[in-house]
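Engineer: generate a structure from the sequence data that follows.
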Amino acid sequence: MTNDHDWEHRVAALWERIDAYEPADFRARVAALAAERPDDDPAALFEQGAAHDSTGQPEEAVRFYRRALDRRLSGLRRRRAVIQLASSLRNLGRPDRSVELLTAERAIPAEELDADEAALSGAVDAFLALALADTGRDREAASLALGALAPLLPRYNRSLAHYARALLTAPDGS
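Structural biologist: As a prediction, the model looks like this:
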């Protein structure tokens, strides 16, 4: 067993080099790091899920993400796992489940999130917008995406935020 800091450092270093490996080799390297942790360690399960997700195996990723969340994954990895699980489910033709997961994630009060978790709020909104679009809820998707974008603009942020809200109440085609 290695200490947590060393393990985290090696995981981060491996992710920085993901493009240097063939997909199967990358997954094997992540699995080797995960094997250093206790069985069913939620962080190790998450990293394996992310490795499968990032190398085109969303079905396997979903299994790992669910196991990690079931074992009380916490903090930033928990929020990332929800986003990534929802994205994988959307890619597997389950946008309805993606909407459910991300809507619940979006409802977590900001004061319950640390700064790193809160920084992913835009990602929650972006992936929720994709899932909403896939369920035929295009106006909601556009409203959410534009609302998330508005604070990032140097100008027009008030107007864009207003128009984003108006998409939810204006009749189609206006």
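
Engineer: against L69, how distant is I83?
Structural biologist: Distance, I83 to L69, using C-beta to C-beta, to the nearest Å: 12 Å. Backbone N, C-alpha and C define where each C-beta goes, glycine included.

Engineer: L130 now?
Structural biologist: Distance from L130 to L69, by C-beta to C-beta: 20 Å.

Engineer: what does the longest helix belonging to the chain contact?
Structural biologist: Looking across the chain with DSSP state H, the single longest helix is helix 75-91. Helix 75-91 is contacted from outside by 42-43, 46, 49-50, 53, 58, 61-62, 65-66, 68-69, 73, 95, 97-98, 101-102, 105, 113-114, 116-117, 120, 123-124, 127-128, 130-131, 134, using C-beta atoms under 8 Å, 6 or more residues apart in numbering.

Engineer: give me that answer again for 6 Å
Structural biologist: Residues from elsewhere that reach helix 75-91 (C-beta atoms under 6 Å, 6 or more residues apart in numbering): 43, 46, 53, 58, 61-62, 65, 68-69, 73, 97-98, 101-102, 105, 116-117, 120, 123, 127, 131, 134.
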